[in-house]
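Asker: Need the 3D shape of this:
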Amino acid sequence: MSTAATTLLRNWSWRCAKSSTRKELVTDKWTPCSHSRATTQIHPDLIDAGLIADPFVDLNEHTVQWVGEADWEYQTTFTYSSSVKFTDLVFEGLDTFASVFLNDVKLLETQNMFHSHRIPVQNSLNDGHNTLRIYFCSALLRAQ
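Answerer: Residues are numbered from 1 along each chain as shown. Here you go, the predicted structure:
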């Protein structure tokens, strides 16, 4: 058996979550991220998709306040080979209130973006195709 480290930077997609208060954006369609970095913030993805103006330009920040009032999901797919000896998912920080699902099974729920998490997942992986999904709840709405 071999060991390897893989960073899941590619093939991420996003969507407004079904439980979001922004019903006009809720869809079953996933929008591919146009960058090669892992999930960071929804704002750059919304800008790339032409759905919002850059909040750092002029007074645009006022027109995008709703983004923080919505729940967002990210997902990626990857392949796994059972010949790998040890398998953990490592998150170096998930923005405050997040739930992590591997193949539709919840593995983790977070409440602090400053904590890292290491989750053993070897028994949860399919030999071949796997889907990793992260659900981000609106911190603003959760705090209210």
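Asker: quick one: Glu109 and Pro55, what's the gap?
Answerer: Using CB to CB, to the nearest Å, we find Glu109 at a distance of 28 Å from Pro55. Where you see a C-beta, it was placed from the backbone N, CA and C, and this is true even at glycine.
Asker: For those two, indicate the residue with more neighbours.
Answerer: Taking neighbours as other CB atoms under 10 Å, Glu109 and Pro55 compare with Pro55 leading, 17 against 12.
Asker: who are the neighbours in contact with the more buried one?
Answerer: 43, 61, 64 (CB atoms under 8 Å, 6 or more residues apart in numbering).
Asker: confidence score at it?
Answerer: Looking at Pro55, its pLDDT stands at 91.
Asker: Could you list the low-pLDDT ranges of this protein?
Answerer: Flagging of the chain using pLDDT under 70 yields the residue ranges 1-5, 20-23, 36-40.
Asker: For the residue nearest in space to the middle of it, list each beta-bridge partner.
Answerer: For the chain, Tyr74 is the residue whose C-alpha lies nearest the centre (CA atoms, centre = their mean; 3.3 Å). When assigned by DSSP bridges, Tyr74 has beta-bridge partners Trp14, Ile134.
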